[in-house]
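Novice: Quick check, what structure comes out for this input:
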Amino acid sequence: MKAGLLSVAALSALAVAQPHGQAHRHLHKKDVVVTETQMATATAPRAVVYVDANGNQLYTSWGGDSNTQPTQAPEPYSAPEEEEKTTSSPAPQPTPETTEAPAPSYAEPTTSAAPAPTSTSSGSDSSEGSDSSIDASGYSIVYSPYNADGTCKDQSQVDMDFEQISGYSMVRTYGTDCNQTATVLTAARAHNMKLFAGIFDISNIDGEVSNIIDATNGDFSNIHTISVGNELVNNGQYSASDVVSAMNNARGQLSGAGYNGNIVTVDTFVAMIANPELCEASDYAAANCHAFFDGGVSAEGAGDFVLSQAQQVSKACGGKNTWITESGWPTQGESNGAAVPGTANQRAAIDSLKSAFSGNLILFTAYNDMWKSNNAGTYGAEQFWGMY
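Specialist: All right, here's what the predicted structure looks like:
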């Protein structure tokens, strides 16, 4: 599949013209400010013309081009957040390091005739996901250590959860609350898995970094990446420069503790394209992308859609190695245009993603999150993205 040929300037303009909402809307435990921007589209025979809010033409996509931007403007959404329980500690002077990232590597997707999507599955209070037979080999997965009532899972519960997801090479978490870096790292080590650890509250960056350092006890061998923030620019909480500054502070503190691995910030593919300084300050580009929220993509097309956006991110970031740090499909909820929730459709979407990506992909998410609640932009699917 060929990548798009837009210039960085055109990509940035297009990103601004789109709503800030292509990743998941899964809420955690803090309120966030959401900014909605509308995208206008005009169609002509065999072409789609993208314009910004003022009617200025940005990009024309002709029939058959698989690298277009979203075909339908999605609803605004809120990004996931973590409740942090941290204490601050002094940090050494930052000594930012730079890592030369390899060129992006994706598997070219295979294509086949796609079956019609199944109907929306009925609602349920079940905390169990869709399919325990999904092949995990070579991929990574998101994990959140919370009970259905929002309380923290203890080590024995985390260990039990990992029995079912131990086939994945890496697990991603978002914050340091619930002592989750320690409990998840313990379970990951037992199964020879890596951890993509998260710092969500960058207002307490020293305390958050200290929590991770303490949890590792100086042994970073199972830490693949530490992310500083998740979709903070996209949801309007912080500017790109604020996030970059927090990353530099974290890098200095972690380096002083002996960690020399990957440090990134995660944002939506739209925010990453519009703010390439985020990936420039990261050791690789890390973007969230969910085809479900586009509204014009069926489950079978999820892989092609997400791969196209990953290629656009890599291009905007100067060819930097790119990871999709969230992508999945809900099993229950309301339809969003061509995107229909359901167990069979989740399986089709995951198969499509795996066909498009040979690696550099973190699937969302291990288990249903029954402690979450829906809002107007979640299509009644907020709790039901679990794969197991």
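Novice: for the stretch 251-388 of the chain, what spans make up the helices?
Specialist: Taking DSSP state H, counting those that start in this stretch as the test, the helices found in the stretch 251-388 of the chain are 269-274, 277-280, 302-316, 343-356.
Novice: Who are the packing partners of the third one?
Specialist: By that I understand helix 302-316. With contacts defined as 3 or more Cβ pairs under 8 Å, 6 or more residues apart in numbering; DSSP states H and E, the packing partners of helix 302-316 are helix 8-17, helix 269-274, strand 285-288, strand 322-328, helix 343-356. Any C-beta I mention is one placed from the backbone N, CA and C, and that applies to glycine too.
Novice: any idea how far residue 370 is from residue 325?
Specialist: Here the distance between residue 370 and residue 325 works out to 23 Å (Cβ to Cβ, to the nearest Å).
Novice: Look at these two and report which has more neighbours.
Specialist: More neighbours surround residue 325 than the other of residue 370 and residue 325, with 27 against 19 (other Cβ atoms under 10 Å).
Novice: That one and residue 228: what is the separation?
Specialist: Look at residue 325 and residue 228: by Cβ to Cβ, they are 13 Å apart.
Novice: What residues sit buried inside stretch 147-160?
Specialist: Within stretch 147-160, the residues that count as buried by 16 or more other Cβ atoms under 10 Å are 152, 153, 158.
Novice: swap in stretch 277-285?
Specialist: Judged by neighbour count using 16+ other Cβ under 10 Å, the buried positions of stretch 277-285 are 278, 279, 281, 282, 283, 284, 285.
Novice: wait, the fourth one sits on residue 272?
Specialist: No - using Cβ atoms under 8 Å, residue 282 is not in contact with residue 272; the gap is 9.3 Å.
Novice: Touching, residue 166 and residue 159? I think so.
Specialist: No - using Cβ under 8 Å as the test, residue 166 is too far from residue 159 to be in contact (10.2 Å).
Novice: rewinding a little: tell me the one among the buried residues of stretch 147-160 nearest to residue 137.
Specialist: Comparing these against residue 137 with Cβ to Cβ picks out residue 158 as the nearest, at 21.7 Å.
Novice: So that closest one versus residue 344, what's the distance?
Specialist: As it turns out, when the distance is counted by Cβ to Cβ, residue 158 lies 30 Å from residue 344.
Novice: so how far is residue 351 from the residue nearest to residue 316 when sequence neighbours are not counted?
Specialist: Using Cβ to Cβ, 6 or more residues apart in numbering and skipping residues adjacent in sequence, the residue nearest residue 316 is residue 273, 4.4 Å away. Distance, residue 273 to residue 351, by Cβ to Cβ: 27 Å.
Novice: Give me the more crowded residue out of the two.
Specialist: residue 273 (30 against 16).
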